[in-house]
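Predicted model, plus sequence, below.
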Amino acid sequence: MLLADCGTQWSKVRDTREPTPRIVETRVLLQNPDLHFDLATGHLGRGRTDRYENELVALATGSLALVAEEDFAVVDVGARDTKYCAFEGRKVAEMDWNQSCGATTGFTLDLLGRYYDLDYAVLEPADKAINVTCGVFGIERIFDAVIQGGTPEDAVAQFVRGVARNVHSFAGRPERLYLSGGLCLNRCFVRSLELYTEAVPLGREVLLRGLEEMAER
């Protein structure tokens, strides 16, 4: 069985006959017009699968498989959107989905890292946050800070902290927050999030794990 979480920027693909999933750029995946999945989720999974599952459902199912707590919150920060689930007694108590603003998504951080040639693995969290109420306006504030003599490293770190604060607020400001998605690998983001909550990265394959659970039912 072929399973896939087809994100905007990255896709996670699992052939159940193989021990580990593959992570590939979605633009590369889409170059194969004949590629078809048995079970898929994600923006670009529609039309390429026999069975499509909602991303929030996949996130909730995967989270329950990975987290043993009765009450917890998880947020998935993707390239173009942010998804949130809260559980009480291992039942979904709340769900939310932000698809309208880059102020809480990963693609903006990726663009900034590429533009300024920054390594988020060594970039330290900032001592203050840029108020990122809009991704575009936040980028303008970075440019302004650099023009005024600030370093790109400091300005981008403040932006990252602002995004982390937004993500924590979006998830209802829990004392512990499980993190799903590619930003689990962004050390600067995770450490910035830890300034607001106990951040527990689950990795970037949580939705794929949810599909695996569904496929076994």
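Nice, thanks for sending it over. Source: prediction; values computed, not measured. Numbering: from 1, shown residues only.

could you show me where the helices are in the chain, in order?
Using DSSP state H, the helices of the chain run over 26-29, 55-66, 106-116, 135-147, 152-170, 187-193, 206-215.

Residue 178 is nearest to which of the ones you listed?
For residue 178, the closest of the helices of the chain is helix 55-66, at 6.6 Å, according to CB to CB. All C-beta spots, glycine's among them, are computed from the backbone N, C-alpha and C.

Tell me the buried residues in the closest one?
Applying a neighbour-count criterion of 16 or more other CB atoms under 10 Å, one finds 55, 56, 57, 58, 59, 60, 61, 62, 63, 64, 66 buried in helix 55-66.

Would you format those as a markdown table with pLDDT included?
Converted to a markdown table, these look like this (pLDDT from 0 to 100):
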| residue | pLDDT |
| --- | --- |
| 55 | 95 |
| 56 | 96 |
| 57 | 96 |
| 58 | 97 |
| 59 | 97 |
| 60 | 98 |
| 61 | 98 |
| 62 | 98 |
| 63 | 98 |
| 64 | 98 |
| 66 | 98 |
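
hey, least reliable of the helices of the chain by pLDDT?
The stretch with the lowest mean pLDDT among the helices of the chain is helix 135-147, at a mean of 76.

which one among the buried residues of helix 55-66 gets closest to residue 80?
residue 55 (11.3 Å).

How much space separates that closest one from residue 119?
Here residue 55 is placed at a distance of 30 Å from residue 119 (CB to CB, to the nearest Å).

ok so, going back, indicate which one of the helices of the chain is closest to residue 36.
Comparing the helices of the chain by CB to CB, helix 26-29 comes nearest, at 11.6 Å.

Who are the contact partners of residue 50?
Neighbouring residues of residue 50 by CB atoms under 8 Å, 6 or more residues apart in numbering: 36, 37, 38, 39.

quick revisit: take the buried residues of helix 55-66 and write them to TSV, including distance to residue 154.
Listed next are the buried residues of helix 55-66 as TSV, based on distance: CB to CB, whole Å:
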residue	distance to residue 154
55	35
56	36
57	40
58	37
59	33
60	38
61	40
62	36
63	35
64	40
66	35
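
Of the residues you listed, just say which sits nearest to residue 206.
Looking across those and measuring by CB to CB, the closest to residue 206 is residue 62, at 4.1 Å.

Leaving out the residues flanking it, which one is nearest to that closest one?
Leaving aside its sequence neighbours, residue 62 sits nearest to residue 210 (CB to CB, 6 or more residues apart in numbering; 3.2 Å).
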